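Colleague: Below: sequence and its predicted model.
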Amino acid sequence: MRKTLIVITMGLMLTQTVTAQVFDDEKYLQWRSMETGPLGFAPKEYYWLFHNSYAHHKWEWEWHGLFHSGFYLNFKPNDSDAKPVVPKRTVGAATDVWTKESTDAQEESFKHQLEQETLAAADRRVDAAYLLFKDDFNHMQNKISSGLTYCLANSKGDANVISIVNSLSNQNRFITEQVSYVHKSSNGYELENAKREECYIKLKADMEKVTQSTIDLMRYVEVSK
C-alpha cells in the first residue's frame, strides 16, 4: 500500500511539472501584452510592487456582498505606459489588405492571360492576312495557267519547251500547296496572322518568279513560231 501511495504521489507531481512546462499563464499574459494585446499582467501584486511605473495597478474599493467586499487590485490599461508592439486590429487589417492585394493581383494576371489567349485563338481562326495577298495570288495564277497552256499548245513538240513547262508547273503547284497549307485553319495548322503574313510575303516573291519565267517562255515560243 505504501508503494502504491508513493507511485501515485510521484505521478501527480510529474503531471503538475509537465503541465507547468507546457503552459504558463503568467508568461502567456506577458507575451500577449507585449505583442498584440489586450494588456494584462499577472500576478497583480508583483507588478503593483515592482513594475507599477508602467503596469499601473490600483487598489479600489468594490462591493461584492457583505462578506466579499473590500479593496481589490485592478489593472488600468488606459493609464499604463505599456503598449503592444502591433495592435490586434492593425495586424488583422494589414493581413486583410495583403490578402486582398495578392488575390486581386492574381485575378488581374489571370484575366490578362485569358484575354491574350482568347485574342490569339481568334487571330489563328481568322486568316486576315490572306486578304492582303488574295488578289495578287489569283492574278498571278491566271497568268501562269494561261501562259503555260499557251506554251504547251504552241511548243510544236519542242522537248526543251515541254520540259520548262513541266518544271514551272511543278514549281507553281508547290507554291500553291504552301499557300493552301498556311491558309488552313483546322486544328494543327493555326498560325497567328503576323506569321501568316511573313509566309505569304515569301510565297508571293516565289510566285512572281514563276510568273516572270512563264512570260519569258511565252515570248520565246512566240518568236519560235
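Modeller: Received, thanks.
Colleague: looking only at pLDDT, what's the mean for whatever helix or strand Leu29 lives in?
Modeller: Under the criterion DSSP states H and E, the helix or strand holding Leu29 is helix 25-35. Across helix 25-35, pLDDT averages out at 70.
Colleague: from here on, count from 35
Modeller: Sounds good: first residue 35 from here, last item helix 59-69.
Colleague: Show me what the helix or strand just after it is packed against.
Modeller: Reading on from helix 59-69 to the C-terminus, the next helix or strand found by DSSP H and E is helix 78-84. The elements that helix 78-84 packs onto, with contact taken as 3 or more Cβ pairs under 8 Å, 6 or more residues apart in numbering; DSSP states H and E, are strand 91-96, strand 104-109. Where you see a C-beta, it was placed from the backbone N, CA and C, and this is true even at glycine.
Colleague: Send me stretch 212-231 as PDB with only the CA atoms.
Modeller: What follows is stretch 212-231 as a C-alpha-only set of coordinates in PDB (Å, rounded to 0.1, in the frame of the first residue of the first chain):
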ATOM      1  CA  GLN A 212       2.200  26.100 -99.400                       C
ATOM      2  CA  VAL A 213      -0.300  28.900 -99.700                       C
ATOM      3  CA  SER A 214      -3.200  26.500 -99.000                       C
ATOM      4  CA  TYR A 215      -1.300  25.000 -96.100                       C
ATOM      5  CA  VAL A 216      -0.800  28.400 -94.500                       C
ATOM      6  CA  HIS A 217      -4.400  29.400 -95.200                       C
ATOM      7  CA  LYS A 218      -5.800  26.300 -93.400                       C
ATOM      8  CA  SER A 219      -7.500  27.000 -90.100                       C
ATOM      9  CA  SER A 220      -8.300  23.500 -88.800                       C
ATOM     10  CA  ASN A 221      -6.600  22.000 -85.700                       C
ATOM     11  CA  GLY A 222      -2.800  21.600 -86.100                       C
ATOM     12  CA  TYR A 223      -2.500  24.300 -88.800                       C
ATOM     13  CA  GLU A 224      -3.300  27.500 -86.800                       C
ATOM     14  CA  LEU A 225      -0.800  30.400 -87.100                       C
ATOM     15  CA  GLU A 226      -1.100  34.000 -85.900                       C
ATOM     16  CA  ASN A 227      -1.700  36.500 -88.700                       C
ATOM     17  CA  ALA A 228       1.700  38.100 -88.300                       C
ATOM     18  CA  LYS A 229       3.400  34.700 -89.000                       C
ATOM     19  CA  ARG A 230       1.000  34.100 -91.900                       C
ATOM     20  CA  GLU A 231       1.900  37.400 -93.400                       C
END
